[in-house]
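Colleague: Here's a sequence, model it:
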Amino acid sequence: MTGRRKHRRREKLHITPPAGDRQSQWPCLLSNIAVAVSPLRNLTGDTNYNVIAEVFTEGLVSSLRRRGRGFSLQRVASESDTSVDSISVVEPPIRYLIAGSAQRGDPGGLRINIRITDASTSEYLWARRYEFKLEEAGSIQARMIRRISRELHLLLLRDEIRRAAQAFDTEPDPQECLASAVLALKGGLRREPAAEAQRWFLAALAGDPRNVDALVGFSRTCQELVSNPWWSDPATVAVASDLGREVIAIALELTPGHACALNVQGMLYSAAGELHEAEHAFERALAMDQRLATAHSFAGYNAVFLDRANQTLPAIERAMRIDRAERRHSIWFFFAGFSELLLGRAEASVALLRQSLERNPSYGSARLFLIAALSLSSQRGEAARCAASFQKMYPYYPASAFEQLWVSRSASATYRTQILPLFQRIREFGVAT
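Modeller: Residues are numbered from 1 along each chain as shown. This is a model prediction of the structure:
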């Protein structure tokens, strides 16, 4: 490929959001899959099995609403009816139908057939049979629902890959796309580089859907969006969280010992409040590579939410010793400053958060908590100026979501005792009200 051709393709994928409309311009994660769920049909001839069918259907709907925030769900009375018993308003036409049946299996057992079909063509997109003893129903149901969620997310990912590939005249070259993604990420932890890199990772997957580097890279850009939710609207951030976790799981199935993939999985778990799962993922990542600086730093940040904020600063110091030129130093200084703030060391927190902002002036998290740190350090004038700057930089993000973002991260009573007074300070300056 000539240099001129590369340049032309890069221009097609480059992101230039209109001024004043930044929040709505995240260029990926635009798919909204309309899914109909039909009740599991009881074909056993025994009405006693109706309960199992109903429990499965309700469990599926509940799980998809929780784990599939990129889906528009509608419950239908049967496979041929898509108009009744609406769960939520579905604006796009139904694209996929989930249906199945329960039949008697071996003595004392049950056989469930489940499938996903294209609603417009009736083509089977995925089907699976599960046979089990009745006492295994609960665990098998959880496994079935988990697999259905995975398959729907793969359909969502397929739509995003197709959209990214439309920018190319021919099939994208995965290695060239990956190189462009890496180049975009050198722009630092900012909205535009992350979004551009995400499109390049998707383009790489168009050429090679099993490319682990592209899967990990895409999931990492999802994590960056989740950690900086003011980059886009809440619905897109929710999709990034759900899809990122599914995609990184696929990458780990392809390469179970991939340290960077385990690290990204830990980040996404932590952001979703699955703190012990995150801790385990970080431990596995570091078991594979003790010099993975980001795993040290994010494990230290995750410790904050597990009532171990005293572990954060030493973890950040380890990460800094390992990688002195890491582009994520801004994040690491924030982690350290946040933990020091929770521990009541406001002046140390101010110094660390300012170091974070020196490296990335647009880092919203550091600027948000610097308001509280300055206030606690009796620097109210500086706190007020910091609050005004924050609100000017992020005018579109729903103000009420700031507090929820951090409070919901952990159910720990100790953590909530630490975090809630900080938001009380922040609210005094008109933020997160």
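
Colleague: Spell out, range by range, the helices that occur in the stretch 1-150 of the chain.
Modeller: 3-13, 50-67, 137-165 (DSSP state H, counting those that start in this stretch).

Colleague: any idea which helix or strand comes after the last one?
Modeller: Once the chain leaves helix 137-165, the next helix or strand it forms, by DSSP states H and E, is helix 174-185.

Colleague: and the helices of the stretch 1-150 of the chain, which is most packed in?
Modeller: helix 137-165 (a mean of 18; mean count of other Cβ atoms under 10 Å). (C-beta placed from N, C-alpha, C; glycine too.)

Colleague: Okay, domains of this protein per the record?
Modeller: Structural domains assigned to the chain are 33-161, 291-427, following automatic domain parsing.

Colleague: what's the most buried one of these?
Modeller: domain 291-427 (a mean of 20).

Colleague: Would you mind confirming that Ser101 makes contact with Ala127?
Modeller: No - between Ser101 and Ala127 there is no contact under Cβ atoms under 8 Å: 11.4 Å.

Colleague: got any residues that touch both of these two?
Modeller: Overlap of the contact sets of Ser101 and Ala127 (by Cβ atoms under 8 Å, 6 or more residues apart in numbering) consists of Asn113.

Colleague: hmm, back to that, for the domains of the chain, give me a markdown table that also has mean pLDDT and distance to Glu274.
Modeller: Listed next are the domains of the chain as a markdown table, based on pLDDT from 0 to 100; distance: least, Cβ to Cβ, whole Å:
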| stretch | mean pLDDT | distance to Glu274 |
| --- | --- | --- |
| domain 33-161 | 84 | 12 |
| domain 291-427 | 93 | 10 |
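
Colleague: JSON lines for the ones you listed, including distance to Ala272?
Modeller: Shown next, in JSON lines, are those (distance: least, Cβ to Cβ, whole Å):
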{"stretch": "domain 33-161", "distance to Ala272": "10"}
{"stretch": "domain 291-427", "distance to Ala272": "9"}
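
Colleague: Specify the stretch among those domains that is closest to Leu185.
Modeller: domain 291-427 (7.6 Å; Cβ to Cβ).

Colleague: Quick check: end-to-end length of that closest one?
Modeller: End-to-end distance for domain 291-427: 40 Å, by Cα to Cα, to the nearest Å.

Colleague: how far does that domain sit from the chain's center?
Modeller: Centroid separation for domain 291-427 versus its chain: 20 Å, with Cα atoms, centre = their mean, to the nearest Å.

Colleague: so which of the domains of the chain comes closest to Gly244?
Modeller: domain 33-161 (9.8 Å).

Colleague: what's the span of that closest one from first residue to last?
Modeller: Using Cα to Cα, the two ends of domain 33-161 sit 14 Å apart.

Colleague: what sits opposite Ala36 in the beta ladder?
Modeller: Assessed by DSSP bridges, Ala36 has beta-bridge partners Gln74, Leu97.

Colleague: pretty sure it is touching Pro93, no?
Modeller: No - between Ala36 and Pro93 there is no contact, the gap being 10.2 Å when judged by Cβ under 8 Å.

Colleague: So for the two, which residues contact both of them?
Modeller: Ala119.

Colleague: circling back to that earlier point, possible to save the helices of the stretch 1-150 of the chain as CSV with distance to Ser31?
Modeller: Listed next are the helices of the stretch 1-150 of the chain as CSV, based on distance: least, Cβ to Cβ, whole Å:
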stretch, distance to Ser31
helix 3-13, 17
helix 50-67, 15
helix 137-165, 4
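
Colleague: Looking at those helices, spot the one closest to Asn302.
Modeller: That would be helix 50-67 among the helices of the stretch 1-150 of the chain, by Cβ to Cβ, at 20.8 Å.

Colleague: Go ahead and list the helix or strand containing the residue positioned nearest the centre of the chain.
Modeller: Per Cα atoms, centre = their mean, the C-alpha nearest to the average position across the chain is that of Ser241, at 1.7 Å. Using DSSP H and E, Ser241 sits in helix 234-254.

Colleague: helices or strands up against the helix or strand just after that helix?
Modeller: Using DSSP H and E, the helix or strand that directly follows helix 234-254 along the chain is helix 259-271. Applying 3 or more Cβ pairs under 8 Å, 6 or more residues apart in numbering; DSSP states H and E, one finds that helix 259-271 makes contact with helix 212-227, helix 234-254, helix 275-288, helix 293-304.

Colleague: Ok, which of the ones you listed comes nearest Arg69?
Modeller: helix 234-254 (3.9 Å).

Colleague: Check which helices and strands that closest one is in contact with.
Modeller: Using 3+ Cβ pairs under 8 Å, 6+ apart: helix 234-254 touches helix 137-165, helix 212-227, helix 259-271.

Colleague: ok, residues contacting it?
Modeller: Residues from elsewhere that reach helix 234-254, judged by Cβ under 8 Å, 6+ apart: 26, 29-30, 67-70, 149-150, 153-154, 156-157, 210, 212, 215-216, 218-219, 222-223, 225-226, 229, 231, 258, 261-262, 264-265, 268-269, 271-272, 398, 401.

Colleague: orientation of it relative to helix 275-288 in degrees?
Modeller: Put simply, helix 234-254 runs at 40 degrees to helix 275-288, going by axes from the mean of the first three to the mean of the last three Cα atoms, to 10 degrees.

Colleague: Identify each buried residue in helix 234-254, please.
Modeller: The neighbour-count check on helix 234-254 (16 or more other Cβ atoms under 10 Å) flags 236-252 as buried.

Colleague: any idea how far Thr170 lies from Arg158?
Modeller: 19 Å (Cβ to Cβ, to the nearest Å).

Colleague: what's the answer for Leu313, then?
Modeller: 43 Å.

Colleague: Need phi/psi at Arg321.
Modeller: Main-chain torsions, Arg321, degrees, to the nearest 10: phi -70, psi -40.

Colleague: ok, it - contacts?
Modeller: Going by Cβ under 8 Å, 6+ apart, the list of residues near Arg321 is empty.

Colleague: Mind putting the helices and strands packed on helix 259-271 into TSV with distance to Ala373?
Modeller: Listed next are those as TSV, based on distance: least, Cβ to Cβ, whole Å:
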stretch	distance to Ala373
helix 212-227	19
helix 234-254	25
helix 275-288	24
helix 293-304	15
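
Colleague: No more questions from me, cheers.
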